[in-house]
Each structure stands twice: as C-alpha cells, then as structure tokens.
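Visitor: Test case, fold it:
(one chain, ligands or ions: 1)
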Amino acid sequence: MLSSNARRQQAQHEIERLVDDFDQWEAAVQAPQYTTQLKAIASEVRGAAILLQGRVKGITADSPSIGDAYGSCVQVERQITWLWRVYLFYREKFDQREDDRFRETLHAADQVTWSCFRAYFDERLDVLVPEPVPLPYITDEYSPMALRRSDASVLISKNERDTLAGAFGTLPVPLLKLPIGMIANPWCLNLIGHEIGHVIMPLVGGNAFVQKFREALVAAGGEAGKAWGPWAVEIFCDWYGLITTGPWIIWTFAQFEVADMATMTKRRGSYPSPLVRLQLMSALANRYGLSGSAMLQSLGISPPPAGLYPDYDSDTAVVCDVANAIFDLPECAAVVKKVGFVADDFAKAAGLAAQWANYLRNSGAKPDGRPLRAARLVAAAAAETWNDLVFAAPQLPADAALEAIRQRTRAAAVSAGAPGVRASSAPTTQPDKEPGTVLLDFLTQAAEEDLRTEV
Ligand SMILES: [Zn+2]
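Guide: Next up is the predicted model:
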C-alpha cells in the first residue's frame with residue numbers, strides 16, 4: 001500500500017533527526033578558537049532545516065495524485081541527504097580534534113595558526129578579530145593549502161568531495177588543509193606562516209595591493225621581470241612566513257624543494273624555480289637583519305655555473321633587487337610593524353626561538369610567558385631541533401627517541417598558546433539573507449543535479 005501521509009511523515013522525521021544530531025554535536029564540541037565558525041555553520045544548517053520543513057508541510061495529502069506526492073517527497077529527501085553531507089563535511093573537520101591519531105598535531109597546529117594569524121590584528125588580545133581564524137585539519141594531500149572564505153569555487157574543481165564547500169556560497173569557515181606527513185614531522189608546523197599569508201594578503205589592501213605587489217616584483221625583475229608577475233602571491237606568502245616564523249623557514253622549504261639541478265632551476269607556474277625561491281628567502285631574511293645567507297649556506301647547495309640555465313641566470317641576478325622592492329613597499333613595512341616582527345627573536349643561541357629550540361632539545365629551561373608570538377617561535381624551533389637532532393646528528397635517533405621529540409614539540413606548541421579571546425566579530429550569516437537560504441539553494445541544485453546524472 002502507498003501512503004503519501006506516511007512518506008511525508010518519514011521526511012519530516014528525517015529533518016528532526018538531523019537537527020537533533022546536530023544540536024547534540026554542537027553542544028559537545030570543544031573548540032573555543034572556532035566558536036564563530038561553528039555559529040556560522042549552525043545558523044545555516046538550522047535555517048535550511050526549517051526551510052525544508054516548510055517544503056515538507058507543503059506536500060499535502062490532497063496532491064493531484066499519490067505519484068505527485070511521492071515525487072515531491074523524493075525531491076525533499078534528496079535535499080535532506082545533501083544537508084547531512086554538508087553537516088558531516090564540517091563535523092569531520094572539528095571531530096579530528098577528538099581522534100587520537102590527529103589530536104596532538106591539530107592542537108599544536110591550532111596554536112601556531114592562531115599565533116601567525118592573530119598577529120596581523122589589534123595588539124590587545126581581548127579584542128575580537130574581524131575575520132575568523134582558519135580551521136586546520138589533516139588531509140591526505142602532500143602540501144598544505146589555505147582556503148579563504150571566498151575560495152569555495154577552488155574547492156569544487158579541486159576535489160569532488162569538496163563540492164560541498166559550495167554549499168555556503170562563501171565558506172563560513174576558512175579552512176587550512178594540513179598534510180598528513182605533519183603528524184610524524186612536527187617541523188612542518190613551520191609551513192603554517194606561509195599558508196596564513198594567503199588569508200592575510202587580501203586583507204592588506206584587496207586586489208589593488210595584490211596588483212601593486214606584483215608590479216613591484218616585475219619592475220625589480222628588470223628585463224625578464226615579467227616572469228615574476230605570476231609568482232607574486234606565493235612570494236608574498238613566503239615573505240609572510242618569514243616575518244612570522246623567521247629564517248628556519250628556508251630550511252623547512254628546502255626539505256621540499258631540493259632536487260636535481262635541472263629541476264631546481266626550472267621556473268614554475270605560481271612559484272619561481274626552487275633555487276631562486278630559496279635565494280629570495282635568504283635575501284629577504286638578510287634585509288630584515290636575519291641570518292639568511294648563513295641558513296642558505298648551511299644547506300650546502302652549490303648553484304650551477306652561469307650559462308647552463310639561462311632563465312635561472314636572469315632570475316638569480318635580480319633576487320636582491322626583488323628583496324629590496326618588497327622591503328621598500330610601505331604596505332609590507334606596515335605588516336611587519338603590525339605583526340610585531342623583531343629580528344632579536346631569531347638571534348642565534350639567545351633569541352626566543354633559539355631558547356625554545358634549547359628546550360625542545362632538552363638542553364634548556366622552558367621559556368617563560370606565553371606572548372602571542374611564542375607558538376610560532378616553537379614552530380621555528382621545531383625546524384632547528386630536527387636539523388640538530390636528526391639531520392645533522394652523527395647517528396639517526398632511535399624510533400623511541402624520535403617519538404619523544406615529536407611529543408615534546410607538539411606539547412610545547414600547545415603550552416605556548418597565548419591567552420585571550422579567539423572568537424571573531426565576523427557576521428555568521430550572509431548579510432540581507434534569512435539564515436539557511438544560501439544553503440537551501442545549494443541543496444536544491446545538488447538534488448536536481450543528482451537526478452540529472454543518475455542513470
Ligand atoms: Zn602558498
């Protein structure tokens with residue numbers, strides 16, 4: 001027997017079940033750093049559930065035929081299924097913090113992320129920041145990647161599962177994908193400064209600043225200056241990484257960039273060649289009073305003789321000019337001031353980063369206090385520690401010793417977390433729109449798309 005009443009009741013129940021499940025989860029989430037983001041998700045999910053309930057009520061027992069009523073129920077049920085997917089997409093990212101495999105790494109990453117991100121805003125730590133901090137989560141990808149609130153479309157093309165991010169028009173939560181390799185290699189925490197650069201760059205001065213930064217590179221690049229244009233965004237992010245986490249970022253990048261000389265001298269789409277990238281970081285570090293040259297030399301990379309790689313020759317020739325151009329941009333000088341960059345933090349042996357490295361190596365006391373910059377200095381110290389205890393050690397440490405260094409590093413980053421509020425004053429709903437309407441549009445389209453593509 002068919003019953004449109006029973007079907008309608010079923011759909012109604014499914015929405016209630018989803019809302020109950022969501023409520024229970026929301027009440028249990030322990031993520032003070034992300035309350036704003038959670039509120040944004042909750043407002044859209046609950047809003048969409050209410051709107052869907054309205055749709056279910058609209059399916060009346062006196063539909064023209066039972067077939068019509070069933071057809072409408074199927075449509076709404078598909079939309080409910082999509083609502084589950086959206087909810088679970090975000091839930092899984094929060095829930096990783098309760099997963100034994102990821103917990104410590106993410107708690108450490110949360111602190112480093114906050115330290116690199118919060119530095120850009122008001123100095124008083126009891127003030128709400130205007131932008132929500134990105135939510136780091138572990139992915140099965142090789143490289144980290146920051147997804148800003150406006151990057152929903154990037155997600156769609158990148159990975160089908162991430163189509164769900166399109167559900168919110170703009171992401172209510174900027175996301176920070178961390179590579180799974182960060183679990184065994186906590187020195188990868190030192191990549192977070194670069195990723196946060198992607199979130200900060202548009203805040204510095206919107207597209208006009210991106211354009212200005214790009215033009216500064218092209219002008220400094222001389223005859224082959226045009227080649228530098230497409231690298232502007234990644235170079236800005238490298239620069240942001242440098243002023244937040246110091247010269248050990250050069251060592252960290254080198255772990256991914258070093259390859260055979262033909263590869264290391266080849267220009268890339270959004271980055272200069274690996275060797276030029278490292279040289280530029282070194283020149284920039286020097287410009288800010290950091291030990292850039294010494295760091296680059298310590299890697300022992302011999303540049304190729306002139307004439308072998310013409311593109312490399314012309315890029316390497318202008319590295320110092322490019323570094324100077326960045327240093328001279330007033331916007332960059334303002335960011336340096338804002339984030340409270342101090343070269344002394346990175347002074348060899350005595351700087352705060354070196355003190356943390358001493359602590360991680362078990363050869364010094366834990367530095368006092370939890371200033372905002374402490375967590376990111378732990379990330380820098382992690383790179384120094386791995387260099388000394390693993391890469392430069394006469395013998396590789398035994399597994400148990402290495403695991404102890406990992407745990408000590410993560411715990412240090414967590415304990416260095418600065419006090420103060422972490423919520424943001426960013427609006428949690430789309431302006432001028434009833435909560436849930438953006439999401440409901442997405443659910444409707446996604447459900448229709450399902451019908452079109454099913455055979
Ligand atoms: Zn990047």
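Visitor: can we go C-alpha only for contacts and neighbour counts from here?
Guide: Fine.
Visitor: Can I get stretch 198-212 in PDB? Just the C-alpha atoms.
Guide: Output of stretch 198-212 as PDB, limited to C-alpha atoms (Å, rounded to 0.1, in the frame of the first residue of the first chain):
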ATOM      1  CA  HIS A 198      47.200  33.500   1.800                       C
ATOM      2  CA  VAL A 199      44.500  34.700   4.200                       C
ATOM      3  CA  ILE A 200      46.300  37.900   5.100                       C
ATOM      4  CA  MET A 201      47.200  39.100   1.600                       C
ATOM      5  CA  PRO A 202      43.700  40.200   0.600                       C
ATOM      6  CA  LEU A 203      43.300  42.000   3.900                       C
ATOM      7  CA  VAL A 204      46.300  44.100   3.400                       C
ATOM      8  CA  GLY A 205      44.700  46.100   0.600                       C
ATOM      9  CA  GLY A 206      42.500  43.900  -1.600                       C
ATOM     10  CA  ASN A 207      43.200  43.400  -5.200                       C
ATOM     11  CA  ALA A 208      44.900  46.700  -5.500                       C
ATOM     12  CA  PHE A 209      47.600  45.600  -3.200                       C
ATOM     13  CA  VAL A 210      48.000  42.200  -4.900                       C
ATOM     14  CA  GLN A 211      48.500  44.200  -8.200                       C
ATOM     15  CA  LYS A 212      50.900  46.600  -6.600                       C
END
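Visitor: and that stretch, how far from the chain's centre?
Guide: 17 Å (CA atoms, centre = their mean, to the nearest Å).
Visitor: Which residues does that stretch contact?
Guide: For stretch 198-212, the external contacting residues (CA atoms under 8 Å, 6 or more residues apart in numbering) are F117, Y120, A146, L147, R148, A232, V233, E234, F236, C237, E331, V335.
Visitor: looking only at pLDDT, what's the mean for it?
Guide: Per-residue pLDDT over stretch 198-212 has a mean of 95.
Visitor: what comes up buried for that stretch?
Guide: Using 16 or more other CA atoms under 10 Å as the test for burial, stretch 198-212 gives H198, V199, I200, M201, V204, V210.
Visitor: which stretches of this protein have low pLDDT?
Guide: Under the criterion pLDDT under 70, the flagged ranges of the chain are 61-62, 148-172, 428-431, 454-455.
Visitor: just to revisit the earlier point, sort out for me which of the buried residues of stretch 198-212 are in helices.
Guide: Residues of the buried residues of stretch 198-212 located in helices (DSSP state H): H198, V199, I200, M201, V204, V210.
Visitor: mind listing the strands for the stretch 51-200 of the chain?
Guide: 135-139, 145-147, 175-179 (DSSP state E, counting those that start in this stretch).
Visitor: Out of these, which is closest to S282?
Guide: With CA to CA as the measure, strand 145-147 is the member of the strands of the stretch 51-200 of the chain nearest S282 (23.0 Å).
Visitor: got the contacts of stretch 198-212 as CSV, with distance to Q9 and neighbour count columns?
Guide: Formatted as CSV, those follow (distance: CA to CA, whole Å; neighbours: other CA atoms under 10 Å):
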residue, distance to Q9, neighbour count
F117, 47, 24
Y120, 51, 20
A146, 42, 21
L147, 39, 21
R148, 40, 22
A232, 56, 23
V233, 52, 20
E234, 53, 18
F236, 55, 21
C237, 53, 21
E331, 59, 16
V335, 57, 19
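Visitor: Just give me the closest of the residues you listed to Y359.
Guide: Out of the contacts of stretch 198-212, the member with the shortest distance to Y359 (by CA to CA) is F117, at 24.5 Å.
Visitor: Can you name the two of the contacts of stretch 198-212 that sit furthest apart?
Guide: The farthest-apart pair in these, when distances are taken by CA to CA, is L147 and E331, at 22.9 Å.
Visitor: and the spatially most central residue of the chain, what is it in contact with?
Guide: The centre of the chain sits closest to L176, judged by CA atoms, centre = their mean, with a distance of 2.5 Å. By CA under 8 Å, 6+ apart, the contact list for L176 reads P134, L135, P136, Y137, P144, M145, A146, L147, E195.
Visitor: Double-check C116 against I196; I have them as touching.
Guide: Yes. Judged on CA atoms under 8 Å, C116 makes contact with I196 at a distance of 6.6 Å.
Visitor: Relative to L203, how far out is the closest residue to M145 other than its chain neighbours?
Guide: In this structure, M145 finds its nearest non-sequential neighbour in K177, 5.1 Å apart by CA to CA, 6 or more residues apart in numbering. Distance, K177 to L203, by CA to CA, to the nearest Å: 20 Å.
Visitor: next one: Y142
Guide: Going from Y142 to L203 by CA to CA gives 27 Å.
Visitor: do M1 as well
Guide: Distance, M1 to L203, by CA to CA: 60 Å.
Visitor: can you count the residues close to the closest residue to E257 other than its chain neighbours?
Guide: In space, and not counting its chain neighbours, E257 is closest to P274: 5.4 Å by CA to CA, 6+ apart. For P274, the count of nearby residues is 22 (other CA atoms under 10 Å).
Visitor: Please apply the same query to S302.
Guide: 9.
Visitor: Double-check that it belongs to a helix.
Guide: No. S302: not assigned to a helix; according to DSSP: H, G, I helix; E, B strand; the rest coil it is coil.
Visitor: quick one: contacts for it?
Guide: Per CA under 8 Å, 6+ apart, neighbours of S302: none.
Visitor: Swap in 10 Å and give it another go.
Guide: M261, L275 (CA atoms under 10 Å, 6 or more residues apart in numbering).
Visitor: Now do the buried residues in the one helix or strand I50 maps to.
Guide: Secondary structure from DSSP states H and E places I50 in helix 35-57. Neighbour counts over helix 35-57 (16+ other CA under 10 Å) mark 35-53, 56 as buried.
Visitor: Could you do stretch 6-19 as well?
Guide: Going by 16+ other CA under 10 Å, stretch 6-19 has these buried residues: R7, R8, A11, Q12, E14, I15, L18, V19.
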